[in-house]
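Enquirer: Turn this into a model:
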Amino acid sequence: MCGIIGYTGPLDSKKILLNGLSQLEYRGYDSAGVALCMENSHICLVRRTGKVANLRETMERITDVSHCGLGHTRWATHGGVTTQNTHPHQAGKVTLVHNGIIENYHQLTEQFHLQGRLHSETDSEVAAWVLDSLYQGDPLEAITRLVALIKGSYSFCIMFEDYPGEIYAIRNVSPLVAAYTRSGSFVASDLTALIPYTRQYFVVPEDHIVRLTSYKVHLYNLHRHEEMPELMEVNWNMDAAMKNGFPHFMLKEIHEQPEALRNTILPRLNKGLPDFTDDQIPDDVFTSCSQIHIVACGTAMHAGMVARSMMEPLLRIPVTVSVASEFRYEEPLIGEDTLVIIISQSGETIDTLAAMRLAKNYGAAALSIVNVKGSTIARESDYTLYTHAGPEIAVASTKAYSVQLAALYMIGCRMALVRGKYSISQAADFMKKLLDAIPAMEAMIAQKDSIKALVTHLINKSDAFFIGRGLDYAFSLEGALKLKEISYIHAEAYAAGELKHGTIALITEEVPVIAIATQEKVFAKTISNIREVKARGAFVILITREDAVLDGGIADIHIRIPKIGDRFTVFPIAVVLQLIAYYASTGKNLDVDQPRNLAKSVTVE
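Expert: Residues are numbered from 1 along each chain as shown. Now for the predicted structure:
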């Protein structure tokens, strides 16, 4: 959600903070601000609603040099989009930025008699005033006392008026990373803000305080004992977080999917078979379970839906998919015989993290599929399978979805092999077909211009429907999400066989229906369902394999993907559906990479 950047060092902090906030824009926000510690220890606060460009324009008037400061992009939760609600917040000697939700801010307001002091509607300003009330000259002591009072999630970065040139930070759930370089010390909510300055960093552990000075970064536990941070190395370069000639990050990331799949699959192939030895995932994790429970949100959950449709008939054990935000409250039927697979691109998704912690309390083994090294979910899960998508900047997930699917397919194959459902030759054939999906994706990327042309039939429509059966229905769920989240066209996915049970009432003249028919065993039935919507005037865009035999007139537009095994058609189809959504958005002149009301990393409930 919100973006945080802090810097102290020999350079001018204004430029570093603004550039850092620009790098964090993809997270989603509606206002931005900075706090600069000036040479006379005065804190200069600059806040603007709207884009970072607005803030940059205002800051051009500040000519004095600052060597220490905080920056923040806010996604409104408590209170509307106003300058007063924009971070940073000042309270006495404290200047503070915050990412997260403080659940007991009303109680704190009353306990510390803050009703007359607050200038904003935010829970964050309450935290600033409470901290100022607790502060008696020792920042570590005051922060320790503050977090003991707070219920909720948070990343705080703080400057104290009488400690000029120093920044303090602490987190619970909401992510923070920190680094020391020759250019000074940095803290941020996301690694992308640090990449221009360093490749070495550390993830701030939960319930630890970071103290940044211009020449060192210190890490303390809540007993105020100093600890050594665990340093990590960035495994991608700055070019991966740049558009590199593409008009939008989303289009660039669609193009990066084949390479991302290679990076995720090939290091885990041993003699043509999936091998998780380097991931330290033993086979008994796969043989000892009697059921699988996949937990995720949004696009990651849709990857889980595809995996369920693939795994359950293959492994012949129950596979359940739960929305993480619901999982916590439904008293799930899991235990020591359950393998819980947690999927999160960022590894910080708060609902998914909470669901994983609950699953572990039930005694289940937790295997996470994440993209961000050292993230909270990765550290707390029993086993971690890192995808290698590199940074994904566009809010709408593309390559993260594909590599999550690849990881899930490899898990399914390995489980089938070690549980005796597959012979070695069958497992090797499965993996060969998975690799064949990569050139199939490349073939569909090459057809982007023809896909762009067909989207003219969508951009002026208010509704669209996706239909399919079996795995095709699971693919449709993600296609509908992509279209509505970046083009704002109301889109829904339905199991094609359910049309006559109510949904077909919504089919009217010229309503777009994107129909997916790639599964051989239900192909004829899906075609019958397509005839039903076509007979009622729908504009049908049909996606099949190139070898499908069809009567003329079944569809208005026919997209053919390369011939590939039924289980693996999701990969080229994902490209098609992503491109449809992308060109629908650009055709309406919308902000593709930062759609309204959405954030890349959902770290508040």
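Enquirer: Do you have the helices of the stretch 401-550 of the chain handy? List them.
Expert: Assigned by DSSP state H, counting those that start in this stretch, the stretch 401-550 of the chain shows helices spanning 424-445, 448-454, 471-487, 523-535.
Enquirer: out of these, which comes closest to residue 341?
Expert: Among these, the nearest to residue 341 by CB to CB is helix 471-487 (15.5 Å). Every C-beta, even on glycine, is put in place using the N, C-alpha and C of the backbone.
Enquirer: could you point out where the stretch 401-550 of the chain is predicted with low confidence?
Expert: Residue ranges of the stretch 401-550 of the chain with pLDDT under 70: 499-502, 505.
Enquirer: returning to what we had before: okay, the helices of the stretch 401-550 of the chain, which one's buried deepest?
Expert: Highest mean neighbour count among those (mean count of other CB atoms under 10 Å): helix 471-487, with a mean of 25.
Enquirer: Summarise which helices and strands it is packed against.
Expert: For helix 471-487, the elements it packs on are helix 298-315, strand 463-468, strand 490-495, strand 512-516, helix 570-587, judged by 3 or more CB pairs under 8 Å, 6 or more residues apart in numbering; DSSP states H and E.
Enquirer: try 10 Å this time
Expert: Applying 3 or more CB pairs under 10 Å, 6 or more residues apart in numbering; DSSP states H and E, we find helix 471-487 packed against helix 298-315, helix 399-418, strand 463-468, strand 490-495, strand 512-516, helix 523-535, strand 539-545, helix 570-587.
Enquirer: Kindly present those as a markdown table, with separate columns for distance to residue 474.
Expert: Listed next are the helices and strands packed on helix 471-487 as a markdown table, based on distance: least, CB to CB, whole Å:
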| stretch | distance to residue 474 |
| --- | --- |
| helix 298-315 | 4 |
| helix 399-418 | 10 |
| strand 463-468 | 8 |
| strand 490-495 | 9 |
| strand 512-516 | 10 |
| helix 523-535 | 13 |
| strand 539-545 | 14 |
| helix 570-587 | 8 |
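Enquirer: For residue 506, which of the ones you listed is the nearest?
Expert: Taking CB to CB, strand 463-468 is the member of the helices and strands packed on helix 471-487 nearest to residue 506, at 7.1 Å.
Enquirer: Give me the helices and strands touching that closest one, please.
Expert: helix 471-487, strand 490-495, strand 512-516, helix 523-535, strand 539-545, helix 570-587.
Enquirer: That strand to helix 523-535, inter-axis angle?
Expert: Inter-element angle recorded for strand 463-468 and helix 523-535: 160 degrees (by axes from the mean of the first three to the mean of the last three CA atoms, to 10 degrees).
Enquirer: Show me what the helix or strand hosting residue 127 packs onto, helices and strands only.
Expert: Using DSSP states H and E, residue 127 maps to helix 123-134. Helix 123-134 is packed against strand 89-91, strand 94-102, helix 105-111, helix 139-149, strand 152-160, with contacts defined by 3+ CB pairs under 10 Å, 6+ apart.
Enquirer: Can you list the buried residues in the third one?
Expert: Neighbour-count burial for helix 105-111 flags 105, 108, 109 (criterion: 16 or more other CB atoms under 10 Å).
Enquirer: same question, the fourth one
Expert: The neighbour-count criterion (16+ other CB under 10 Å) identifies 139, 140, 142, 143, 144, 145, 146, 147, 149 as the buried residues of helix 139-149.
Enquirer: And the closest residue in space to the fifth one that isn't next to it in sequence, how close does it get to residue 148?
Expert: Closest residue to residue 144 apart from its sequence neighbours, by CB to CB, 6 or more residues apart in numbering: residue 222 at 5.3 Å. For residue 222, the distance to residue 148 equals 8 Å [CB to CB, to the nearest Å].
Enquirer: can you check residue 63 too?
Expert: 42 Å.
Enquirer: what do you get for residue 300?
Expert: Distance of residue 300 to residue 148, given as CB to CB: 34 Å.
Enquirer: mind checking pLDDT for the residue nearest to residue 8 when sequence neighbours are not counted?
Expert: In this structure, residue 8 finds its nearest non-sequential neighbour in residue 68, 4.0 Å apart by CB to CB, 6+ apart. Predicted confidence (pLDDT) for residue 68: 96.
Enquirer: where does residue 68 land in three-state SS?
Expert: strand (DSSP: H, G, I helix; E, B strand; the rest coil).
Enquirer: I'd say it and residue 214 touch.
Expert: Yes: with contact defined as CB atoms under 10 Å, residue 68 counts as touching residue 214 (7.5 Å).
Enquirer: Can you pick out the residue with more neighbours from the two?
Expert: Taking neighbours as other CB atoms under 10 Å, residue 68 and residue 214 compare with residue 68 leading, 27 against 18.
Enquirer: And the nearest residue to residue 417 once chain neighbours are set aside, how far from residue 291?
Expert: With sequence-adjacent residues excluded and distances taken as CB to CB, 6+ apart, residue 417 is closest to residue 427, at 4.3 Å. Noted for residue 427: a distance of 22 Å to residue 291, by CB to CB.
Enquirer: What of residue 566?
Expert: 24 Å.
Enquirer: now the residue nearest to residue 417: how far from residue 310?
Expert: Noted for residue 427: a distance of 14 Å to residue 310, by CB to CB.
Enquirer: do residue 434 as well
Expert: Distance, residue 434 to residue 310, by CB to CB: 11 Å.
Enquirer: Could you tell me which residues touch both of the two?
Expert: Shared contacts of residue 434 and residue 310 (CB atoms under 10 Å, 6 or more residues apart in numbering): 405, 409, 412, 413, 567, 568.
Enquirer: was I right about the second one contacting residue 309?
Expert: Read it as residue 409. No: between residue 409 and residue 309 there is no contact under CB under 10 Å: 11.5 Å.
Enquirer: Residue 551: neighbouring residues, count only.
Expert: For residue 551, using other CB under 10 Å, the count is 7.
Enquirer: Contacts only, for it.
Expert: Shown in contact with residue 551 (CB under 10 Å, 6+ apart): 527, 531.
Enquirer: Check residue 14 too.
Expert: With contact taken as CB under 10 Å, 6+ apart, residue 14 is in contact with 7, 34, 36, 44, 46, 56, 59-60, 62-67, 69, 71.
Enquirer: cutoff 7 Å now
Expert: Residues near residue 14 by CB atoms under 7 Å, 6 or more residues apart in numbering: 36, 59, 62, 66.
Enquirer: Tell me the predicted confidence for it.
Expert: As predicted, residue 14 sits at a pLDDT of 94.
Enquirer: Which helix or strand contains it?
Expert: Per DSSP H and E: helix 13-23 holds residue 14.
Enquirer: measure the nearest residue to residue 573 once chain neighbours are set aside to residue 218 for me?
Expert: Nearest residue to residue 573, sequence neighbours excluded (CB to CB, 6+ apart): residue 475, at 5.2 Å. As judged by CB to CB, residue 475 and residue 218 stand 49 Å apart.
Enquirer: any idea how far residue 151 is from residue 417?
Expert: Distance from residue 151 to residue 417, by CB to CB: 46 Å.
Enquirer: These two: who's more crowded?
Expert: Per other CB under 10 Å, whichever of residue 151 and residue 417 has more neighbours is residue 417, with 21 against 13.
Enquirer: pLDDT weak spots in this protein?
Expert: Under the criterion pLDDT under 70, the flagged ranges of the chain are 1, 27-28, 235-241, 499-502, 505, 597-605.
Enquirer: If we go by neighbour counts, what in stretch 206-218 is buried?
Expert: Neighbour-count burial for stretch 206-218, with 16+ other CB under 10 Å as criterion, is recorded at 208, 209, 210, 211, 212, 213, 214, 217, 218.
Enquirer: now, the most widely separated pair of these?
Expert: 208 and 214, at 20.7 Å, using CB to CB across the buried residues of stretch 206-218.
Enquirer: Name the nearest of the shared contacts of residue 434 and residue 310 relative to residue 543.
Expert: Among the shared contacts of residue 434 and residue 310, residue 568 lies closest to residue 543 (CB to CB), at 14.3 Å.
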